[in-house]
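# Structure for the following, please:
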Amino acid sequence: MSSYSPRSGPDARQRRSASRLAAVQALYQQSLVGTSTPRLLNEFHDHRLGTVTDDEEGGDKLADADRPFFDDLVSGSLARADELDATITSFLGAGWTLDRLDRLMLQILRCGAYEMLARPDVPRAAVVSEYVDVAHAFYPRAETGFVNALLDRLGRSVREGQDG
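Okay, the predicted model is just below:
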């Protein structure tokens, strides 16, 4: 397991960011079609991580992912899904259940919760900020605020005394 360090440089941070986005996409795919974990990881390694995308700029190579970190996020989130769902549920507001969350939002929260619980090498504030950025790729401001609030409360609870 590699550790997070601000001295890791921008390339390392970009690779971690790319890993998070890809992990959420992999979890979303798995939730739709039930792909086995080994097959899901292989598919992303072979066809998705560091690939060219078509965007308004004409296509850019995405930052290559930190593959061991990606694998940990996906495998850990899937293996601990029931625990993560219970944790997320405990931080939802009154009247909210997991069933009210759309499928993609649930994957963002699961992955963020997993990282918060299982990766103490990554600062709490970095986890929150990164998953807000992931949410921003798919949702308007209100939903990104929801991700921010839930993961921040969760992080403060499970990482008592950690400033960031």
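# ok, which stretches of this protein are helices?
For the chain, the helices defined by DSSP state H cover 9-33, 37-47, 67-79, 81-91, 103-118, 124-136, 141-158.
# What distance do you get for the nearest residue to Q107 once chain neighbours are set aside to T35?
Excluding the flanking residues, the one nearest Q107 by Cβ to Cβ, 6 or more residues apart in numbering is L27, at 4.0 Å. In short, each C-beta sits where N, CA and C put it, glycine included. L27 sits 10 Å away from T35, going by Cβ to Cβ, to the nearest Å.
# okay, G93: pLDDT?
G93 carries a pLDDT score of 86 in this model.
# err, P140, not the other one
In the predicted model, P140 carries a pLDDT score of 85.
# Could you report the separation of R67 from P120?
Taken as Cβ to Cβ, the span from R67 to P120 is 21 Å.
# likewise Q29?
For Q29, the distance to P120 equals 28 Å [Cβ to Cβ].
# Now do A137: how many residues are near it, please.
Using other Cβ atoms under 10 Å, A137 has 11 other residues around it.
# again but with P140, I slipped
P140: 9 neighbours (other Cβ under 10 Å).
# which of L27 and T35 has more neighbours?
Between L27 and T35, L27 has the larger neighbour count (other Cβ under 10 Å), namely 24 against 16.
# My understanding was that the more buried one contacts R110; is that so?
Yes - contact criterion Cβ atoms under 8 Å: L27 and R110 qualify, at 6.4 Å.
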